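Undergrad: task: produce atomic coordinates for the following.
(2 chains)
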Amino acid sequence: MKILRIIPVLLSLVLILSCGQPQTPALQQGTLLPQAKVIGDFSLVDQNDQPFTRERLKNHWTFAFFGYTHCPDVCPTSLAMLAQMQRRLEKAGTPELPDVIFVSVDPERDTLATLATYVPYFHPDFLGVTGEPDEIHSFTRRLGILYGKAENDSGENYLVDHSASVLLFDPDGNMRAVFGPPHDPEKMANDFIAIRNYYEESQ
Amino acid sequence: MKSFILATILLLSVSLAVAAETQTLVSDAWVREAPPGASMLAGYLTIENPFDEDQVLVDVSSPRFAHVMMHRSEMVDGMARMIHEESITIPAHGKTELKPGSYHLMMPAPDLRLTTGDTVPFVLRFANGEQLEVSAEVRKP
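TA: The predicted model follows:
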C-alpha cells in the first residue's frame, strides 16, 4: 500500500526532471548538430566593403548559403527560397529575424559590386560576403562546405560545383544546424523557430 | 455544291485536328528574371512528344542571346553540379520538363536586362528535323 502512495511522488519527480532538460526538437528539414560547432576566427568582407568576421555572426541568428553569381539555376532558386522563408517569418511577426548571408565560392569573378546588386535583389536585407580565395577556402572547409571548378571547363565561363546546403549559426557565432536540398521555405521557417526555442530553453 | 463545300470544310478541319495532334508540344516556356548584374540566365519549358519514337532536342537558339546551352543541374551527396548536355531526349508518348534544379537552358545575359513581362523567342531543333518556335515569358518564380 505504501508503494502506491509513492507513485505520484515518483511521477512528479520524472515530470520535474524532464522539464529541466528541453526536448531536442523534431525538425522537418534540418539536422541539428548534437553539439554547436565552434568555427574559430575568419576574415572575410561583405558587399559594402566592411570586414566580415566571427563577431558579425554574434548576437543574432544567421542563415548562410554558398554559391556564385554566374550560377543561373540552383543559386537563384535557393536564394528565392530563403527570401520566401524570411517573408514567412516577417509575416508571422517573428521577433529578431535571422540574418541571411550569401557567401561566394567564386571570389575571382564575384566582385563586391556584383554581390551588392545580386544578393539584395532577392531580399533587401540579404548580404553578400566574399574574401580572399584562401580565406574562403579555409572558412568553408571548417563548415564542411565543398566547392571547386567543374572539370573540363576552361576560360571565363567555367562552372563551379558547390555544396547546396544552408547552414544556421546561433547567436554565439557557432554552427547549429544544416539544411540539405531541396529546401522548402515553410519547413525551414518552422525548423528555425523550433531550433531557436530549444536554444533559448537550454540557456 | 453546298454539300461539297461542307464536305471540304469538314475534311480540312479533320486533317487540321490530326496535324495538331501529331506535333511536338511545347508549353510553359519561361525565363527566370535575374538580378541586375547577373551574367547568366536560365530558361525552362515542357516538351511533350506525341510520336511513337523518342524525340531528341539537339539545338536551341534565340536572337536575344549570343548562344543557348542545354544544361542539367544535379545534386550528388549534397553537391550541386551543372552538366552540359549535347541533347535532351523526350521519350515516345512522354514529356520532359526543363525546370529549376533539373534540365534547363543557360544563356549569357544580354546587355539590356530582361525583366518580368518581357518575351523572348526561342527556336528548338530536333534530331528528326522538326523545328519549333516558342515564345518564353520572363518572370520571377
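
Undergrad: put the alpha carbons of stretch A:23-30 into PDB.
TA: Backbone C-alpha positions of stretch A:23-30 (Å, rounded to 0.1, in the frame of the first residue of the first chain) are rendered in PDB as follows:
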ATOM      1  CA  GLN A  23      13.500  18.100 -25.600                       C
ATOM      2  CA  THR A  24      15.500  18.100 -28.800                       C
ATOM      3  CA  PRO A  25      13.200  19.400 -31.400                       C
ATOM      4  CA  ALA A  26      11.900  17.200 -34.100                       C
ATOM      5  CA  LEU A  27      12.800  19.000 -37.300                       C
ATOM      6  CA  GLN A  28      11.000  18.900 -40.700                       C
ATOM      7  CA  GLN A  29      14.000  19.600 -42.900                       C
ATOM      8  CA  GLY A  30      17.100  20.500 -41.000                       C
END
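
Undergrad: can you mark which positions in that stretch are buried?
TA: A:25, A:27, A:29-30 (16 or more other Cβ atoms under 10 Å in any protein chain shown). Glycine gets a C-beta too; all of them are placed from N, C-alpha and C.

Undergrad: restrict stretch B:25-42 to CA atoms and write it as PDB.
TA: This file holds the C-alpha atoms of stretch B:25-42, laid out as PDB (Å, rounded to 0.1, in the frame of the first residue of the first chain):
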ATOM      1  CA  LEU B  25       4.000  20.400 -78.000                       C
ATOM      2  CA  VAL B  26       5.900  23.000 -76.000                       C
ATOM      3  CA  SER B  27       4.300  24.600 -73.000                       C
ATOM      4  CA  ASP B  28       5.100  26.800 -70.000                       C
ATOM      5  CA  ALA B  29       8.200  28.400 -71.600                       C
ATOM      6  CA  TRP B  30       9.700  31.000 -69.300                       C
ATOM      7  CA  VAL B  31      13.000  32.700 -68.500                       C
ATOM      8  CA  ARG B  32      13.900  33.500 -64.900                       C
ATOM      9  CA  GLU B  33      14.200  37.200 -64.200                       C
ATOM     10  CA  ALA B  34      17.700  37.600 -62.900                       C
ATOM     11  CA  PRO B  35      19.200  40.200 -60.500                       C
ATOM     12  CA  PRO B  36      20.900  43.200 -62.100                       C
ATOM     13  CA  GLY B  37      24.500  42.300 -62.800                       C
ATOM     14  CA  ALA B  38      23.800  38.600 -63.200                       C
ATOM     15  CA  SER B  39      25.800  37.200 -66.100                       C
ATOM     16  CA  MET B  40      23.800  34.100 -66.800                       C
ATOM     17  CA  LEU B  41      20.100  33.400 -67.300                       C
ATOM     18  CA  ALA B  42      18.100  30.200 -67.100                       C
END
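
Undergrad: how far does it sit from its chain's centre?
TA: 12 Å (Cα atoms, centre = their mean, to the nearest Å).

Undergrad: what does chain A put close to chain B?
TA: Residues of chain A that fall close to chain B, judged by Cβ under 8 Å from any Cβ of the partner chain: A:67, A:69-74, A:76-77, A:80, A:113-114, A:117-119, A:121-122, A:146, A:150, A:157, A:159, A:161-165, A:180-182.

Undergrad: buried among these? Make that a ChimeraX selection.
TA: Applying 16+ other Cβ under 10 Å to the residues of chain A next to chain B, the buried members can be selected in ChimeraX as follows:
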select /A:67,69,70,71,72,73,74,76,77,80,114,118,119,121,122,146,159,161,162,163,164,165,181
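
Undergrad: in strands only, show me the residues of chain A next to chain B.
TA: Counting by DSSP state E, these place A:67, A:161-163 in strands.

Undergrad: which one of the buried residues of stretch A:23-30 sits closest to residue B:120?
TA: residue A:29 (34.2 Å; Cβ to Cβ).

Undergrad: quick one, what contacts that closest one?
TA: A:179-180, A:183-184, A:187-188, A:191 (Cβ atoms under 8 Å, 6 or more residues apart in numbering or on different chains).

Undergrad: JSON lines for those, including pLDDT?
TA: Formatted as JSON lines, the contacts of residue A:29 follow (pLDDT from 0 to 100):
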{"residue": "A:179", "pLDDT": "96"}
{"residue": "A:180", "pLDDT": "91"}
{"residue": "A:183", "pLDDT": "92"}
{"residue": "A:184", "pLDDT": "96"}
{"residue": "A:187", "pLDDT": "97"}
{"residue": "A:188", "pLDDT": "97"}
{"residue": "A:191", "pLDDT": "97"}
